[in-house]
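here you go, sequence then predicted model.
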Amino acid sequence: MTRSASETPYVLVLFYSRHGATQEMAQQLAAGIESVAGIAARLRTVPPVSPTTEAVDPEIPAEGAIYATLDDLRHCHGLALGSPTRFGNMASPLKYFLDTTSELWMNGALTDKPATAFTSTASLHGGQEATLLTMLVPLLHHGMVYAGVPYRETQLLTTRSGGTPYGTSHLAGAKAERELDVDETALARAQGARLGRLALAMRSLHEEA
Ligand SMILES: Cc1cc2nc3c(=O)[nH]c(=O)nc-3n(C[C@H](O)[C@H](O)[C@H](O)COP(=O)(O)O)c2cc1C
């Protein structure tokens, strides 16, 4: 499927969320992206990974964002990748999806497109930065241009919860009891808006014929 030239360019917000915290962040990034005139946000998730002995779920989830396709990724103008922290790394469903993107890698479909990452943890020092750094690695292999959060976002200096220059983060708490606070929300929105602006500015580098 080729993207119609008249279609509004979009940033793909691709995330996995088991309990909703990363999804909340995804929604704030999407709001930031949509605050930029001329670009849209496309929210997509990935299914859980199951062994072959488990029953499969329907192709369309009962609620929330629908599952991403390779075409969602192929035609995006930027990518925000979100995952809960799992032992200091991204969750396997997201990694599993990325492992299906070899064809896009071979064709350079994501090269010269801007990307960023976001994560949620149970504990404050539970590996937010480590997770963000591991998420950036496959994006570099794809030739994407990684954009974190610059310190002009002053909440980076004052936050008592999430927020890192590697990307935004959220402290959800051991019982997932914490909502996104004011700083985390402002940083996620700023990260989304910056990615939206970069996606528009870098459009000519990879625009399809
Ligand atoms: C297998 C597993 C590993 C986890 N590893 C970490 C970790 O290393 N550090 C941490 O702070 N939280 C860890 N958590 C907690 C999640 O990162 C946290 O609950 C997150 O906010 C969940 O996001 P979600 O609501 O989008 O699913 C782990 C959870 C699971 C299930």
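Here it is on my side, so go on. For clarity, every value in this text was computed on a predicted model and none was experimentally measured.

and the residue of the protein closest to the ligand?
residue 126 (2.1 Å; CB to the nearest ligand atom). All C-beta spots, glycine's among them, are computed from the backbone N, C-alpha and C.

what's the neighbour count on the residue nearest to that residue when sequence neighbours are not counted?
Take residue 126 and drop its neighbours on the chain: the residue closest to it by CB to CB, 6 or more residues apart in numbering is residue 85, 6.0 Å away. Residue 85 has 26 neighbours, counted by other CB atoms under 10 Å.

center of the chain - which residue?
residue 81 (2.0 Å; CA atoms, centre = their mean).

wait, that residue touches residue 94, no?
Yes: the pair residue 81 / residue 94 is scored as a contact, 7.1 Å apart, by CB atoms under 8 Å.

any common contacting residues for those two?
Shared contacts of residue 81 and residue 94 (CB atoms under 8 Å, 6 or more residues apart in numbering): 14-15, 135.

most neighbours, which of those residues?
residue 15 (31 neighbours).

chain center to the single longest helix found in the chain, what's the gap?
Scanning the chain for the longest helix, with DSSP state H as the assignment, gives helix 182-201. Counting by CA atoms, centre = their mean, to the nearest Å, helix 182-201 is centred 11 Å from the centre of its parent chain.

only the buried residues of that helix, if you could.
For helix 182-201, the neighbour count (16 or more other CB atoms under 10 Å) marks 183-200 as buried.

now that helix: average pLDDT?
Mean per-residue pLDDT for helix 182-201: 98.

can I get that helix in CSV? Just the C-alpha atoms.
Extracted as CSV, the C-alpha positions of helix 182-201 are listed here (Å, rounded to 0.1, in the frame of the first residue of the first chain):
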residue,chain,number,x,y,z
VAL,A,182,2.4,17.9,36.2
ASP,A,183,6.1,17.7,35.3
GLU,A,184,5.8,14.3,33.6
THR,A,185,2.8,15.5,31.6
ALA,A,186,4.5,18.7,30.5
LEU,A,187,7.7,16.8,29.4
ALA,A,188,5.7,14.2,27.5
ARG,A,189,3.8,17.0,25.7
ALA,A,190,7.0,18.9,24.9
GLN,A,191,8.6,15.7,23.6
GLY,A,192,5.7,15.1,21.3
ALA,A,193,5.6,18.6,20.0
ARG,A,194,9.4,18.6,19.4
LEU,A,195,9.1,15.3,17.5
GLY,A,196,6.2,16.8,15.4
ARG,A,197,8.2,19.8,14.5
LEU,A,198,11.3,17.7,13.6
ALA,A,199,9.1,15.4,11.5
LEU,A,200,7.9,18.3,9.4
ALA,A,201,11.3,19.9,9.1
